[in-house]
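Undergrad: turn this into a structure:
(3 chains)
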Amino acid sequence: MPVNFMPTPQELFRFAPEMLLTLVATIIMVLEPLSGADGKRKFAVISFLSLAAAIALSVAAAGDPGAAFSSMIVVDGFSTFFRILVMVAGVLTILISTNYLRMEEHESGEYYALVLFSIVGQCIMVSANELIMLFIGLECSSIASYVLAGFLRDDKRNNESALKYFLLGSFATAFLLYGVAWIYGTTGYTNLSEIRRVLLDPNSNQNMVVISAATALMFVGFAFKVSAAPFQMWAPDVYQGAPAPVTAFMSVGPKAAAFAMFLRVLMTAFEPVKDRWEPLLWTSALATMVIGNFAALRQTNIKRLLAYSSIAHAGYIMVALTAHSDIGTAAAMFYLASYTFMNIGAFAVVTYIARKGERHVEIQDLAGLSQRRPVVAAMLTIFLLSLTGIPLTAGFFGKFYIFKAALDANMVWLAVLGMLNSAVAAYYYLRLIVVMYMQAPSDEMEELPAPSVGIQAAMFAAAAATVFLGVFPSVVLDYAGKSASFIR
Amino acid sequence: MNFLDLIWLIPIIPLIGAAAMLLFGRKLSKSAISIICPGAVGASFALSIGAVMQLASLPEKAHQVILYPWLPLLKADMGYLLDPLSSVMILVVTGIGFLIHVYATGYMAHEHGPRHGGFYRFFGYLNLFVFFMLTLVLANNYALLFVGWEGVGLCSYLLIGFYFHKKSAGDAGKKAFIVNRIGDAGFILGMFFLFQLTGSLKFTEVNEVLRSARFGPEAGVFGLLSLTALLLFIGATGKSAQIPLYTWLPDAMEGPTPVSALIHAATMVTAGVYMCARSNALFSLTPETSHIVAAVGAATAIFAASIGLVQNDIKRVLAYSTVSQLGFMFVAVGVGAYWVAVFHLYTHAFFKALLFLGSGSVIHAMSGEQDMRKMGGLKDKIPVTFRTMFIGSLAIAGIPGLAGFFSKDEILWQAYSNPVLGSKILWAVGLCTAAMTAFYMWRLMFMTFYGEGRMDEHTKHHIHESPKSMTVPLMVLAGGSVCAGWIGMPKVFGENGFMQALEHWLAPVFESGKEVAHAAAGHAAEAAHHDTTTEWVLMGLSIGAALAGILLARHVYLRLKESERPSGGVLYPVLYNKWYVDELYDFLFVNGLSLGGGGLMAKFDREVVDGGVNGTAWMTRLISRISMWYDTWIVDGAVNLGAFSVRAMSYPVRFFQTGFIQSYALVFLAGVLAIFGYYWWVH
Amino acid sequence: MLAPITTGHYLVLSAALLLIGAVGILMRRNVVVIMMSIELILNAVNINLVAFDKYLHKLNGQIFAIFVITVAVAEAAVGLGILIALFRNKETVLVDEIDLLKW
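TA: As a prediction, this is how the structure comes out:
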């Protein structure tokens, strides 16, 4: 069989954003030891620009959709959506990181290189159509995140966060791989479309027990990455311990990419055996929402509270996955987009409040913020309202479409329980607003310096996007609706 | 000038006011704020009048303005609909809203708030509220209505918690918000089902589809339509404080009094009634749900009224009264008399706003005191407040000729004449409630304005009539409380274009509902074939109930005190202090029950009240005891359960989230094994 | 005469390695040993992949195994780096002494 190993220019073009980012990240790594303090400051600008260029390249590549490298990756509406999403998350992360790193005296090119590598991994995850590619993307993203979580290596919380993330993450990946190996063994393929074909083939005599077990193991790996119950235990500790901008990044970028991968694997490869995994998803979605929301009720640390809230949001998205329909996929895509903006926005504010050494991350540190920094308080209010799901913010339509998808799929109970859960969630988000607006600042609080330009830019951009998606949801939703069918 | 195409400006003007306040309010002087914010609502009111006048000349009596297609998927646009129903609502919201804004400029004048931020913030929120409320009533589809619905909830939350240095205020705000979220879950679900059933969320299209032959009435069965209507009603119970979601409203009285008047009496809490009236086509197709609505409404009415009998906080009495009156409106919705529900909504807005603002004026005079046991004898000291509140209390009690009489009587008549089984019970409950309403309102009046002053010397010294900015709105509202009902008189008084103006004006909106109802029951649900004699008799009965309530209150709260005076220290200690009366009720009733002896109770009763009113007093005490019991054990129990579960949840979290990597790995493996176990079990 | 070694034998070996690795992760206190246990599971995966390749007469699995080995090396390097940073601050490599972040 003659095989042409040389990729065509067309294929290279489809992979161009990843190549650009890898190249830039490598150059930054090389230049890092050669540059002084001034030079290091430029790395933020370089990585910012390269991400902007990569976004432009992704848009350009979307004009010529199709597979590349023997169908190992595929560029379609779905992957373009998520590629742009994770890159935008990266841009916002860089904006809130620069000042933070300077403040912690840890400014270095490695940080930006790691962010870029992580984004490359996420881009591969969302466009992979192949279990090997998927694994490589996943590891590329995760290994970079492990390092980022422990980036301030003199901080005990950072060390512990990174170690926990690393040990539990590799543990989960090992299980995922074990499942992948069994899928390969039973179907003979690692390509998602081929696996679907084999599973649909009535003549192929599949051992359903093995398929179930393998699906379950893969499910475990994905559930870990998206922090779904009962594999969510790592998230609160890791999110709390990592540097605030890194937490912002981890809670959106890798999560969005993991959900994209989850969706594609479920909808493309394992759609034929959906009655196997549907009950798993159903239970896990419910458990995730309940655990996330109820555990968040008693938290006093804002980062930890947002970590539990992030678990709860993963639960809502799992509801959309359980619906396994085009509407469900579109709802999950829309939700992830809105979640990216509102969560990064909230973490931008947390980064700002925390100040040097992250000494101010308790809820009480927000007291009287409305008087000390009214604009910041207003921004955080927008993000929290959106996380609560108040109309005219992105979060409302996110939930709205997810529950609509669940009802369309006749999962009335899951939808009802989900809505009750979101009512519980109102309680702890509101508590933050109450503290900001209804408690006077205590006298011993130090002066809050004005937020840096980067944090301001990230905050305003995220708030604008949150409100925009709430007022004109159809712009993104139409696109998501059109792309949802690609992964079937 | 074509006002009809400018209706989108009606909500936008207060929004601009709110934005101006929240952005630059800090820099503005109080007098500037006092002009801008009431002015914005006043401008909306003027626009509304213009638009409604032009609407009246349109043959189709409806006008839509679509700003842009918002959610094409749900066929919901950013669009406004002006029709007779929304026109009544916008006039009430902007008109009464304007008066309350003016009043608030006086009431909040001394408000510095922490760091002097209070005044502009207050008016900013108030204008924002008006914006959302107008969005709610002008929306042409359920999705936009829901935007307003959530928005008013949010503003209500902000305004309840306005005195944020008071912890109870913050808690009350949170309670209101969270209870409302539970109702909202029902509303959203209802909206989903409605969309599934009709393929649209636009009012006009939904009604059209529901009127088409595709949907038969669901009489005798509880199908999808009934479920949808029930879910929407659950949403309404949250916003309009009906059983079982009413608990937030009395607590909401922690907010400043103008807020209580505007949000928690005149406008926001009626949103549920409005929404049900808006969905009349749906509700008339679902008799089963309508029965539930009527039953819940009646139960809430009598239940809240009975709690109102024993409250001592002047604003809490009014709060329970509001809950009770909203119950009346839902009775009207439940028996299919939608226009009457809107009628009562509209008259209630006048007299309840008046009573709240009056109570605010009293509190103002009393240097912030809200306990009626520490009031008394204010009649001559604050005469304007007294006279206007006197009119308001007559109106709510249902004295003929005043606004409350016509609307309440129409509800009672519609309940009685409804052919549905159990309608007589609705009527009887309504009548009892009417008597209780008269009693608690006049108890409030007698305790506050009559008799001896029971305040301390310092407070007494400070009592003063409120400034003009507060008394003028009171007088205007008092005028409204007298006249507002004249456009909805019963037909037995004579029929002409003015006396039934409201019914005719609203008729096009409820036409669709009526048609379906006709088809549904096969009989005319409207009260076309009046039995004139019965109607006169019933009217007499309800007047009698109102008078009985007032006289009983007068007996207990005026005469008993006088009879105690000569005897000095000889009588029971409780009688020296008149403010022991409520505790005495408790004491009597609890003892009576525990001893199981009617005789002992009768003996006590003879000593306290005359035999003639014995039975009624006993009944009201019984009901109020039961409702207090419900409030203490069931409602508070549920709230405590919530708090308990929050606390209880922290144990499993602490148990599993130990911080040890290996315990996480163990949970992880347990998860894997559980999944395998599940598959093993399935096979 | 020994019975020939079939694919089944490899799979049992792999499962045994998985089990040993999982138990090691749960039971051992030293982070380095835990990392070695994770390597065991990854090697169980590799054995599986190669055994399936032999059974299916394909090459995908072996390519996959090479990638797994490569990535595992990178992962171990990063893991050791993280552990050394932690050790410098806390002077411990025992997992039950690392519980600053909890609840």
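
Undergrad: lowest confidence element among the helices and strands of chain B?
TA: Every helix and strand in chain B was compared by mean pLDDT, DSSP states H and E; the lowest is helix B:573-576, with a mean of 32.

Undergrad: can you tell me the centre-most residue of chain C?
TA: residue C:39 (2.3 Å; Cα atoms, centre = their mean).

Undergrad: chain neighbours aside, what residue packs nearest to residue B:679?
TA: Closest residue to residue B:679 apart from its sequence neighbours, by Cβ to Cβ, 6 or more residues apart in numbering or on different chains: residue A:212 at 4.7 Å. No exception for glycine: its C-beta is placed from N, CA and C like everyone else's.

Undergrad: look up how far residue C:36 lies from that neighbour.
TA: Using Cβ to Cβ, to the nearest Å, residue A:212 is found at 30 Å from residue C:36.

Undergrad: which of these two has more neighbours?
TA: Using other Cβ atoms under 10 Å in any protein chain shown as the criterion, residue A:212 and residue C:36 rank with residue A:212 on top: 21 against 15.

Undergrad: what strand or helix carries that one?
TA: Secondary structure from DSSP states H and E places residue A:212 in helix A:208-225.

Undergrad: and that helix, what does it pack against?
TA: helix A:156-187, helix A:244-264, helix A:274-297, helix B:661-682 (3 or more Cβ pairs under 8 Å, 6 or more residues apart in numbering or on different chains; DSSP states H and E).

Undergrad: in TSV, list those along with mean pLDDT.
TA: Output for those, formatted as TSV (pLDDT from 0 to 100):
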stretch	mean pLDDT
helix A:156-187	92
helix A:244-264	93
helix A:274-297	89
helix B:661-682	84
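
Undergrad: list the buried residues of stretch B:445-463.
TA: In terms of neighbour count (16 or more other Cβ atoms under 10 Å in any protein chain shown), stretch B:445-463 has its buried residues at B:445, B:446, B:447, B:448, B:449, B:450, B:451, B:453, B:454, B:455, B:459, B:463.

Undergrad: for chain C, tell me which of these show up nearby.
TA: Among the buried residues of stretch B:445-463, no residue lies close to chain C (Cβ under 8 Å from any Cβ of the partner chain).

Undergrad: now do the nearest residue to residue B:487 once chain neighbours are set aside, the pLDDT please.
TA: With sequence-adjacent residues excluded and distances taken as Cβ to Cβ, 6+ apart, residue B:487 is closest to residue B:501, at 4.1 Å. pLDDT recorded at residue B:501 is 81.

Undergrad: my read: residue B:501 touches residue B:484, true?
TA: No: the criterion here is Cβ atoms under 8 Å, and residue B:501 misses it with residue B:484 at 11.6 Å.

Undergrad: neighbour count winner among these two?
TA: Under the criterion of other Cβ under 10 Å, the comparison of residue B:501 against residue B:484 puts residue B:484 first, with 25 against 14.

Undergrad: how many neighbouring residues does residue B:69 have?
TA: Residue B:69 has 12 nearby residues by other Cβ under 10 Å.

Undergrad: helix, strand or coil: sort out it for me.
TA: Under DSSP: H, G, I helix; E, B strand; the rest coil, residue B:69 falls in the strand class.

Undergrad: just to revisit the earlier point, gap between the residue nearest to residue B:487 and residue A:35?
TA: 82 Å.

Undergrad: with residue B:311 instead?
TA: Look at residue B:311 and residue A:35: by Cβ to Cβ, they are 74 Å apart.

Undergrad: equivalent analysis for residue B:223, please.
TA: In terms of Cβ to Cβ, residue B:223 sits 73 Å off from residue A:35.

Undergrad: can you check residue B:41 too?
TA: Look at residue B:41 and residue A:35: by Cβ to Cβ, they are 61 Å apart.

Undergrad: the more surrounded of the two?
TA: Set side by side, residue B:41 and residue A:35 show more neighbours around residue B:41, with 28 against 15, by other Cβ under 10 Å.

Undergrad: so that one touches residue B:95, yeah?
TA: No: counting by Cβ under 8 Å, residue B:41 stays clear of residue B:95, with 9.0 Å between them.

Undergrad: quick one: work out the angle between the strand or helix carrying residue C:45 and helix B:661-682.
TA: Per DSSP H and E, residue C:45 falls inside helix C:31-56. In terms of direction (axes from the mean of the first three to the mean of the last three Cα atoms, to 10 degrees), helix C:31-56 departs from helix B:661-682 by 30 degrees.

Undergrad: what residues sit buried inside helix C:31-56?
TA: Neighbour-count burial for helix C:31-56 [16+ other Cβ under 10 Å]: C:31, C:34-35, C:37-53, C:55-56.

Undergrad: roughly how far does the closest residue to residue A:196 other than its chain neighbours sit from chain B?
TA: Spatial nearest neighbour of residue A:196, excluding adjacent residues (Cβ to Cβ, 6+ apart): residue A:269 at 5.2 Å. Distance check for residue A:269 against chain B: by Cβ to the nearest Cβ, to the nearest Å, it reads 18 Å.

Undergrad: what's the burial count for residue A:269?
TA: There are 27 residues near residue A:269, going by other Cβ under 10 Å.

Undergrad: so it touches residue A:200, yeah?
TA: No: if you go by Cβ under 8 Å, residue A:269 and residue A:200 don't touch, sitting 10.5 Å apart.

Undergrad: how about the helices of chain C, start to end?
TA: Here chain C has its helices, by DSSP state H, at C:7-27, C:31-56, C:60-90.

Undergrad: can I get the first one as PDB, trimmed to CA atoms?
TA: Think helix C:7-27. Below are the C-alpha coordinates for helix C:7-27, written out as PDB (Å, rounded to 0.1, in the frame of the first residue of the first chain):
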ATOM      1  CA  THR C   7      -2.300 -13.100  24.300                       C
ATOM      2  CA  GLY C   8      -4.400 -14.000  27.300                       C
ATOM      3  CA  HIS C   9      -1.300 -14.500  29.400                       C
ATOM      4  CA  TYR C  10      -0.100 -11.100  28.500                       C
ATOM      5  CA  LEU C  11      -3.400  -9.600  29.500                       C
ATOM      6  CA  VAL C  12      -3.300 -11.300  32.800                       C
ATOM      7  CA  LEU C  13       0.200 -10.000  33.400                       C
ATOM      8  CA  SER C  14      -0.900  -6.500  32.500                       C
ATOM      9  CA  ALA C  15      -3.900  -6.700  34.800                       C
ATOM     10  CA  ALA C  16      -1.600  -7.900  37.600                       C
ATOM     11  CA  LEU C  17       0.700  -5.000  37.100                       C
ATOM     12  CA  LEU C  18      -2.300  -2.600  37.100                       C
ATOM     13  CA  LEU C  19      -3.400  -4.000  40.400                       C
ATOM     14  CA  ILE C  20       0.100  -3.900  41.900                       C
ATOM     15  CA  GLY C  21       0.400  -0.300  40.800                       C
ATOM     16  CA  ALA C  22      -2.900   0.700  42.100                       C
ATOM     17  CA  VAL C  23      -2.300  -0.900  45.500                       C
ATOM     18  CA  GLY C  24       1.200   0.700  45.600                       C
ATOM     19  CA  ILE C  25      -0.400   4.200  45.000                       C
ATOM     20  CA  LEU C  26      -2.800   3.600  47.800                       C
ATOM     21  CA  MET C  27      -0.400   2.000  50.400                       C
END
